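S.K.: how would this look folded up:
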Amino acid sequence: MRDSDPYVVVITGASSGIGRATAQAFARRGASLVLAARSEETLETVAAECRERGAQAMVVPTDVTDADAVLNLCKAALARYGQIDLWFNNVGVGTVGRYEETPMASHRRVIEANLLGHMHGAHAVLPHFRRRGRGTLVNMISLGGLVSAPYAGSYVASKFGLHGLSESLRAEVSDLPQVHVCAVYPTFVDTPGVRHGANYSGRSLRPPPPLVDPRTVAEAVVALSRRPRATVTLGVQALPGRLAHAVAPDRLGQASRWLMDRAFARADPVPHSDGNLFEASEGHDVDGGFRPSRTVPALVLGAAALGALAWMAHGRTRR
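M.R.: Reported below is the predicted structural model:
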């Protein structure tokens, strides 16, 4: 993207968190925006913010679990602007709790939204990119697509699937030098997502610090419009977490569970909730309001990584 060019961006999950921050970031650069989420009322608020920043913005209420709805989103963008330069697959939902204590309907919904939702977006826009000979597809994944975590089985499954999907699609378009598939892997981000998500743990949830500012993630997506990269990782926990997972994935999982169990033990009891799995969220801020926090262990993934490595080293020493 160059500031002098008209640039058309489609953003799913644009009503809050990273999606809303990304819409604002592109709006400041004069992009033409197509905003999608389930709540039309909230999307209109975001569109008004973007117009105040000098951008064009249209609203297309969309449930990404519906392939036809996502295809209609693509058609609406092309009918309005004639082109799509960047498609941001950003929808992400989650559920926390023991796998067998979480309803299968909730597990299924996470897969439908996170994995199939991204697949629907790619399936809709890639033919346009191929015909045009250029375009950028950005998949929001998270470190959960590289490093597993307990009590989030379907979320991790969806993110690992997105990692594989991105690599597969990148290979398929490798014959098109100006068509790019980018994957973004942030660690914990301070968005309303934790409050919006389903919770079957019976305990209140709070993401561990340090948290990435959603605007930092948004700027990373904007940077991909100027200089596409295959992968982008964000957050200080990313490197130690990936290293520990590569060296001792089982030890890392056990250490992560120990840390999460300790956090659950200190957390307040809450009733089970389906969150925003089946209904649009209430509350659509960019920030989650979790920064700063002194009530939970800092650098959970980093600590888990160090614990896993120490445990493995201890085992080798004994042998």
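S.K.: CA atoms for contacts and neighbours, from now on please.
M.R.: Fine.
S.K.: is the residue nearest the centre of the chain bridged to anything, and to what?
M.R.: Closest to where the C-alpha atoms of the chain average out (C-alpha atoms, centre = their mean) is M140, at 4.1 Å. Beta-bridge partners of M140, counted by DSSP bridges, are V184.
S.K.: now do the contacts for it.
M.R.: By C-alpha atoms under 8 Å, 6 or more residues apart in numbering, the contact list for M140 reads 88-91, 183-185.
S.K.: return the helix or strand in this protein with minimum mean pLDDT.
M.R.: Lowest on mean pLDDT, DSSP states H and E among the helices and strands of the chain sits helix 300-318, with a mean of 48.
S.K.: contact partners of stretch 103-122?
M.R.: Surrounding stretch 103-122, the residues in contact under the criterion C-alpha under 8 Å, 6+ apart are 64-67, 70-71, 87, 89-95, 137, 139, 154-155, 157-159, 161-162, 165, 274, 277-278.
S.K.: give me the buried entries from those.
M.R.: With neighbours counted by 16 or more other C-alpha atoms under 10 Å, the contacts of stretch 103-122 contain buried members at 64-65, 67, 70-71, 87, 89-95, 137, 139, 154-155, 157-159, 161-162, 165, 274, 277.
S.K.: among those residues, which ones are in helices?
M.R.: 67, 70-71, 154-155, 157-159, 161-162, 165 (DSSP state H).
S.K.: tell me the one of the residues you listed nearest A55?
M.R.: The shortest separation between A55 and any of these is 22.8 Å, and it belongs to V70 (by C-alpha to C-alpha).
S.K.: show me the helices in this protein, by range?
M.R.: 17-28, 40-52, 67-81, 104-111, 117-132, 153-172, 193-196, 214-226, 238-247, 249-266, 300-318.
S.K.: how about low-confidence regions in the stretch 201-319 of the chain?
M.R.: Judged against pLDDT under 70, the low-scoring parts of the stretch 201-319 of the chain cover residues 283, 292-319.
S.K.: could you rerun that using 90?
M.R.: Filtered on pLDDT under 90, the stretch 201-319 of the chain yields the residue ranges 206-210, 235-261, 263-264, 280-284, 287-319.
S.K.: can you give me the end-to-end span of stretch 194-205?
M.R.: Taking C-alpha to C-alpha, to the nearest Å, the first and last residues of stretch 194-205 lie 7 Å apart.
S.K.: got the contact list for that stretch?
M.R.: Counting contacts by C-alpha under 8 Å, 6+ apart, the residues touching stretch 194-205 from outside are 93-98, 101-102, 206-207, 264, 267-277, 281-282, 288.
S.K.: now do it: distance to the chain's middle.
M.R.: In terms of C-alpha atoms, centre = their mean, to the nearest Å, the centre of stretch 194-205 is found 17 Å from the chain centre.
S.K.: all further residue positions should be reported with the first residue as 26.
M.R.: Sure, I'll start counting at 26 from here, so that last one is stretch 219-230.
S.K.: where does the stretch 26-175 of the chain dip in pLDDT?
M.R.: Scanning the stretch 26-175 of the chain residue by residue, the ranges that satisfy pLDDT under 90 are 26-31, 169, 171, 173-174.
S.K.: I'd say A305 and T67 touch.
M.R.: No - using C-alpha atoms under 8 Å, A305 makes no contact with T67, being 10.0 Å away.
S.K.: with neighbour numbers in mind, choose between the two.
M.R.: In terms of neighbours (other C-alpha atoms under 10 Å), T67 is the more surrounded of A305 and T67; the figures are 20 against 15.
S.K.: so that one sits against E307, correct?
M.R.: No - T67 lies out of contact with E307 (C-alpha under 8 Å); the separation is 9.4 Å.
S.K.: which residues are common contacts for those two?
M.R.: When C-alpha under 8 Å, 6+ apart defines a contact, no residue borders T67 and E307 alike.
S.K.: how close does V209 get to T87?
M.R.: 22 Å.
S.K.: oh sorry, the question was meant for L194
M.R.: Using C-alpha to C-alpha, we find L194 at a distance of 23 Å from T87.
S.K.: out of those two, which sits in the busier spot?
M.R.: Set side by side, L194 and T87 show unequal neighbour counts under other C-alpha under 10 Å, the larger going to T87 at 22 against 16.
S.K.: mind listing what that one touches?
M.R.: So T87 contacts 61-63, 94-95, 98 (C-alpha under 8 Å, 6+ apart).
S.K.: can I have the buried ones of the residues you listed as a PyMOL selection?
M.R.: For the buried members of the contacts of T87, the matching PyMOL selection, counting by 16+ other C-alpha under 10 Å, is:
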select buried, resi 61+62+63+94+95+98
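S.K.: any idea which of the contacts of T87 is the one closest to V246?
M.R.: A61 (16.7 Å).
S.K.: now do the same contact list for the closest residue to the closest one other than its chain neighbours.
M.R.: Taking C-alpha to C-alpha, 6 or more residues apart in numbering as the measure, A61 lies nearest to T37, with 4.6 Å between them; neighbours along the chain are not counted. Under the criterion of C-alpha under 8 Å, 6+ apart, the neighbours of T37 are 44, 60-62, 89, 113-116.
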